[in-house]
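>>> make a model of this:
(one chain, ligands or ions: 2)
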Amino acid sequence: MIEKAKILDANGMRRSLTRIAHEILEKNKGVEDLILVGIRRRGVPLAERLAQLIQDIEGTKVRVGKLDITLYRDDLTALGDQPVVHGTEIPWDIVGKRLVLVDDVLYTGRTVRAAMDAIVDLGRPQYIQLAVLIDRGHRELPIRADFVGKNVPTSRRELIHVKLTEIDGEDEVVIMENPE
Ligand SMILES: O=P(O)(O)OC[C@H]1O[C@H](OP(=O)(O)OP(=O)(O)O)[C@H](O)[C@@H]1O
Ligand SMILES: O=c1cc[nH]c(=O)[nH]1
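Residues are numbered from 1 along each chain as shown. Ligands and ions are numbered 1, 2, ... in the order given. You can find the predicted model right below:
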């Protein structure tokens, strides 16, 4: 895979997340009963950053839960290639709460579907919204995001790589492509 284009640098990412934080507050009319839930690796630091930005704006701390979702590739026949949730850190009663799922990339929508399955098993939130840094299209399920950092039209051969300081040592988003 070679790097084809840079979509966001650190400043662009910060601006996108700041806008999403404002949009979350606007759509939910504040922070009451709000819980952010980061999906697997890169959704978690993104959810933590959004919580900090919301705190900077509103002066109130928002809770951040974590969902760990993995494709069990050795179980393909039994599961199809559906992602499976196997670690959940949402140690609060979510009944009646306003949940915002947070992930780095929205692609087929299968990860988000698995995340929603895991959440409704814990209880019935008032509603679930979805925030993603990048929406690259190619949905295979009827799922859409409420808050999008950037819409990036892609071909299926391409890959969006979101890099975050907490995991990758720098903040940027690039499109990768197979050279052939
Ligand atoms: O809409 P979908 O088709 O489910 O794709 C989106 C998911 O794919 C990515 O994770 P990936 O499986 O690449 O693992 P990663 O977190 O290690 O990047 C990304 O972090 C999303 O969670
Ligand atoms: O391009 C993609 C597709 C799914 N997940 C990613 O992180 N990037």
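>>> mind telling me what element the residue nearest the centre of the chain is part of?
Nearest to the geometric centre of the chain sits residue 103, at 1.1 Å (CA atoms, centre = their mean). Using DSSP states H and E, the element containing residue 103 is strand 98-106.
>>> for that strand, packing partners?
When contacts are defined as 3 or more CB pairs under 8 Å, 6 or more residues apart in numbering; DSSP states H and E, strand 98-106 packs onto helix 10-28, strand 34-39, helix 40-58, helix 110-122, strand 127-135, strand 158-163. (Glycine included, C-beta is placed from N, CA and C.)
>>> recalculate using a threshold of 10 Å.
With contacts defined as 3 or more CB pairs under 10 Å, 6 or more residues apart in numbering; DSSP states H and E, strand 98-106 has these neighbours: helix 10-28, strand 34-39, helix 40-58, strand 63-70, helix 110-122, strand 127-135, strand 147-151, strand 158-163.
>>> dump these to CSV, plus mean neighbour count.
Formatted as CSV, those follow (neighbours: other CB atoms under 10 Å):
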stretch, mean neighbour count
helix 10-28, 17
strand 34-39, 25
helix 40-58, 20
strand 63-70, 20
helix 110-122, 19
strand 127-135, 22
strand 147-151, 19
strand 158-163, 19
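>>> how about the closest residue to residue 159 other than its chain neighbours, what does it touch?
Closest residue to residue 159 apart from its sequence neighbours, by CB to CB, 6 or more residues apart in numbering: residue 176 at 4.5 Å. Residues counted as contacts of residue 176 (CB atoms under 10 Å, 6 or more residues apart in numbering) are 1-5, 157-161.
>>> circling back to that earlier point, any idea which of the helices and strands packed on strand 98-106 gets closest to ligand 2?
With CB to the nearest ligand atom as the measure, strand 158-163 is the member of the helices and strands packed on strand 98-106 nearest ligand 2 (3.7 Å).
>>> specify the beta-bridge partners of the residue nearest to the centre of the chain.
In this structure, residue 103 bridges to residue 132 when assessed by DSSP bridges.
>>> where's it relative to ligand 1, distance?
Distance from residue 103 to ligand 1, counting by CB to the nearest ligand atom, to the nearest Å: 5 Å.
>>> ligand 2 contacts on the chain?
The chain comes close to ligand 2 at residues 105, 107, 136, 159-160, as judged by CB under 6 Å from any ligand atom.
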